[in-house]
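Trainee: Sequence first, predicted model second:
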Number of protein chains: 2
Amino acid sequence: MDPVKHFSGVNRRVLLSTLATLPVLSSALQSSFVLAQTPGGMLPSWNDGPAKQAIVDFVRATTDRSSPSYVAPEERIAVFDQDGTLWVEHPMYTQVVYCLERARAVVEKKPELKDIAPFKTVLSGNHEEIARLSLRDLEEILFATLTGMSVDDFNAEARKWLETAKHPRWNRPYTELVYQPMLEVLGHLRDKGFRTYIVTGGGQDFVRVYSEKVYGIPPEQVVGTAAGTKYGYEDGKPFLTKEPKLLLNDNNAGKPEGIHLMIGRRPHAAFGNSTGDREMLEWTGAGAGARLKMLLLHDDATREYAYGPAQGLPDSKVGTFTQALYDEAKQRGWTVISMKNDWNEVFPPTTVGRSTR
Amino acid sequence: MDPVKHFSGVNRRVLLSTLATLPVLSSALQSSFVLAQTPGGMLPSWNDGPAKQAIVDFVRATTDRSSPSYVAPEERIAVFDQDGTLWVEHPMYTQVVYCLERARAVVEKKPELKDIAPFKTVLSGNHEEIARLSLRDLEEILFATLTGMSVDDFNAEARKWLETAKHPRWNRPYTELVYQPMLEVLGHLRDKGFRTYIVTGGGQDFVRVYSEKVYGIPPEQVVGTAAGTKYGYEDGKPFLTKEPKLLLNDNNAGKPEGIHLMIGRRPHAAFGNSTGDREMLEWTGAGAGARLKMLLLHDDATREYAYGPAQGLPDSKVGTFTQALYDEAKQRGWTVISMKNDWNEVFPPTTVGRSTR
């Protein structure tokens, strides 16, 4: 039923079964999948400063039993946007790159699309024209490449693509371009009894393909933009088809709506990086007690990218961080993380603990 | 933000915080919330026989590291229908009773509905006429009583109702009419590393109100029929309104679709009791390795109810178990639990461990 090979070429089920035979080592080893060794104490990739301090203070306030802001373990929920918060989103969201590249395969199966916009434009490979596609055109590409196939087939295709696709700037797999400081936050929160969720505008099924391996976040803790599925049969065997029917647009107000649908509790911590995360932080902050609200500002063109337009950074259609959002954050006590100043590392080391790819 | 009092009159947050200060006792005490003491070993309310044996064999096969059917901990998912599987559903689904009683409050706020069917019928209190309401009429009542208010207001109303409403036959709160043998299965599976989910045709928000206290199943592990919500503001403070827009009809094929949406993994065990659970069991059984598929047959009019129409039991519109489903179960190796023969207790003891109400 699961025709899926794994990123690393190692069969994960076998690997985990083997690890599980080592009871004491098991959980330690499994965490090292996600977190590269982090010598030098807690959050080592974070420079001392208000951002790191906000995280440390929040965790202490909510998990120290003598604290007035103590939070019962079952209520410890932390939510993370993905694109631009946990991994690189420039020059284009990874899933959109996937869809544009998959459009070719769709046209091979349906040659009648070859000469029709927007498929014609995508096949042309003309980056300028592709960048000018309307939102409606883009949606047509997304539906054509993300729906109409079985869930298993989609998972297999997405996994296969992620194995080989590389980011044009670093020539590394997209799944390696995750932010080491955020992996450390995920690990620290989990160590303290928080359940970590992804709440992404990206496709829920797409992110679930790699979230467990890359972030240690299991599929049931991924909330994303979701389309319906339809139950059917092939040779008497049931399967689910991905339907072009949007159930949840997990952006902006859709984020608190998605959190209610999928989690049913208000988070105590929320991390984002763009206007699409505004309502999620607002919803988190509207709860009583200690609540952590953080926004990552991409102000580091040298090590990653610089875009806003907040604080005079270059404007961007991808992961827009407006000056209005920046001002609101300051006014409401949300913490803005400066990639340039708050992080001493951006990406995980390539050779230690992540060397299978 | 959480204006909710608790069933027992004890503030649960305070109680849990207090328990949490006793680190060793904490988890033991918290389980005793859900499971009354179960002396006499595993699954004491189950008589020896094929049903109990199927559970014991499945758990051993999937959790013994030397077993060829061993299942990695993160894949250990067990799903349970609720109405008629975990608690009493006759003579009418509890949530429908709630909606019919809430209809009166809706009419008080909107008096123009008083003389209009189906509200007029419901207000008449005429049980025969109410029983003859069409599905469309019933849906109108459900939408009027389950949507149009904030999530917080709905939760408060439902909690308040559950505190006082009693089942007409036993004169006990509905939340006490849960099946002791199934509580034992939930506890046994969790002891063995399974995550237990409710997958119900009932309303997701309704069941979440009590699932943690009654079954030890947290809100994020309740999948149910779900309507959309809408994010808005009152006095600058955000809140979610329950909208009359169906996102997921979690019955029949909707159950595997809901499992994909909310969990994203195929369960290894599935428990149900009616035709609405057929596809969930089929989907579970279509996975590789050991999979447990069980259906509860209500064949015990003395201690609970007897209905089918399978096996010549009286027919019923509520929780229908057809002969076709029975035959399919036998043919496919799904286990049918006979309430009469397989259970030596039906309900939890009233005085021990559940005495707060």
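Mentor: Right, received. Where do you want to start? Residues are numbered from 1 along each chain as shown, chains lettered A, B, ... in the order given.
Trainee: Please make it C-alpha for all contacts and neighbour counts, starting now.
Mentor: Will do.
Trainee: Secondary structure element holding A:Gly202?
Mentor: strand A:195-203 (DSSP states H and E).
Trainee: And that strand, what does it pack against?
Mentor: Packing partners of strand A:195-203 (3 or more CA pairs under 8 Å, 6 or more residues apart in numbering or on different chains; DSSP states H and E): strand A:77-80, helix A:180-191, strand A:222-234, helix A:254-262.
Trainee: Save the ones you listed as TSV, and put in distance to A:Phe58 and mean pLDDT too.
Mentor: As requested, these are exported to TSV (distance: least, CA to CA, whole Å; pLDDT from 0 to 100):
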stretch	distance to A:Phe58	mean pLDDT
strand A:77-80	12	98
helix A:180-191	10	98
strand A:222-234	23	97
helix A:254-262	21	98
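Trainee: Tabulate these in TSV, adding columns for distance to chain B.
Mentor: Listed next are the helices and strands packed on strand A:195-203 as TSV, based on distance: least, CA to the nearest CA, whole Å:
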stretch	distance to chain B
strand A:77-80	10
helix A:180-191	15
strand A:222-234	6
helix A:254-262	6
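Trainee: Of all those, which one is nearest A:Asp48?
Mentor: Between A:Asp48 and the helices and strands packed on strand A:195-203, the shortest separation by CA to CA is 12.5 Å, and it involves helix A:180-191.
Trainee: Now the strand or helix carrying A:Ala144 - C-alpha only, CSV.
Mentor: A:Ala144 belongs to helix A:135-146 when assigned by DSSP H and E. Provided in CSV are the C-alpha atoms of helix A:135-146 (Å, rounded to 0.1, in the frame of the first residue of the first chain):
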residue,chain,number,x,y,z
LEU,A,135,-3.3,34.3,-9.4
ARG,A,136,-6.1,32.6,-11.4
ASP,A,137,-3.6,31.0,-13.8
LEU,A,138,-1.4,29.8,-10.9
GLU,A,139,-4.5,28.3,-9.2
GLU,A,140,-5.2,26.4,-12.5
ILE,A,141,-1.7,25.0,-12.4
LEU,A,142,-2.0,24.1,-8.7
PHE,A,143,-5.3,22.3,-9.1
ALA,A,144,-4.0,20.4,-12.2
THR,A,145,-0.8,19.2,-10.4
LEU,A,146,-2.1,18.7,-6.9
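Trainee: May I have the residues that are in contact with the closest residue to A:Gln204 other than its chain neighbours?
Mentor: Leaving aside its sequence neighbours, A:Gln204 sits nearest to A:Gly224 (CA to CA, 6 or more residues apart in numbering or on different chains; 4.0 Å). With contacts defined as CA atoms under 8 Å, 6 or more residues apart in numbering or on different chains, A:Gly224 is in contact with A:198-205, A:207, A:248-250, A:258.
Trainee: could you redo the last one with a cut-off of 7 Å?
Mentor: A:Val199, A:Thr200, A:Gly201, A:Gly202, A:Gly203, A:Gln204, A:Asp250 (CA atoms under 7 Å, 6 or more residues apart in numbering or on different chains).
Trainee: Distance-wise, check the last one relative to A:Val79.
Mentor: Here the criterion is CA to CA, to the nearest Å. By it, A:Asp250 lies 13 Å from A:Val79.
Trainee: neighbour-wise, which of those two wins?
Mentor: Neighbour totals were compared for A:Asp250 and A:Val79, and A:Val79 leads with 28 against 24 (other CA atoms under 10 Å in any protein chain shown).
Trainee: Show me which residues of the stretch 201-350 of chain A sit near chain B.
Mentor: A:219-220, A:229-231, A:238, A:247, A:253, A:257, A:262-264, A:283, A:287-288 (CA under 7 Å from any CA of the partner chain).
Trainee: give me phi/psi at the residue positioned nearest the centre of chain A?
Mentor: For chain A, A:Gln82 is the residue whose C-alpha lies nearest the centre (CA atoms, centre = their mean; 2.5 Å). Here is the backbone geometry of A:Gln82 (degrees, to the nearest 10): phi -100, psi -70.
Trainee: Show the contacting residues for it.
Mentor: Counting by CA under 7 Å, 6+ apart, A:Gln82 touches A:Ile198, A:Thr200.
Trainee: next one: the one 5 residues further on
Mentor: The neighbours of A:Trp87, taking CA under 7 Å, 6+ apart as the test, are A:Leu177, A:Val178, A:Tyr179.
Trainee: Recalculate using a threshold of 10 Å.
Mentor: A:81, A:93-94, A:174-180, A:182-183, A:346-347 (CA atoms under 10 Å, 6 or more residues apart in numbering or on different chains).
Trainee: who's it bridged to?
Mentor: Taking DSSP bridges as the rule, A:Trp87 bridges to A:Asp83, A:Val178.
Trainee: Quick one: neighbours of whichever residue of the stretch 51-200 of chain A sits closest to chain B, just the number.
Mentor: Nearest residue of the stretch 51-200 of chain A to chain B (CA to the nearest CA) works out as A:Ala72 at 6.2 Å. A count of nearby residues for A:Ala72, using other CA under 10 Å, gives 19.
Trainee: What segments of the stretch 201-350 of chain A are helices?
Mentor: Using DSSP state H, counting those that start in this stretch, the helices of the stretch 201-350 of chain A run over A:204-208, A:211-215, A:254-262, A:278-285, A:323-332, A:339-342.
Trainee: now the ones you listed as a markdown table including mean neighbour count?
Mentor: Output for the helices of the stretch 201-350 of chain A, formatted as a markdown table (neighbours: other CA atoms under 10 Å in any protein chain shown):
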| stretch | mean neighbour count |
| --- | --- |
| helix A:204-208 | 23 |
| helix A:211-215 | 19 |
| helix A:254-262 | 25 |
| helix A:278-285 | 24 |
| helix A:323-332 | 14 |
| helix A:339-342 | 19 |
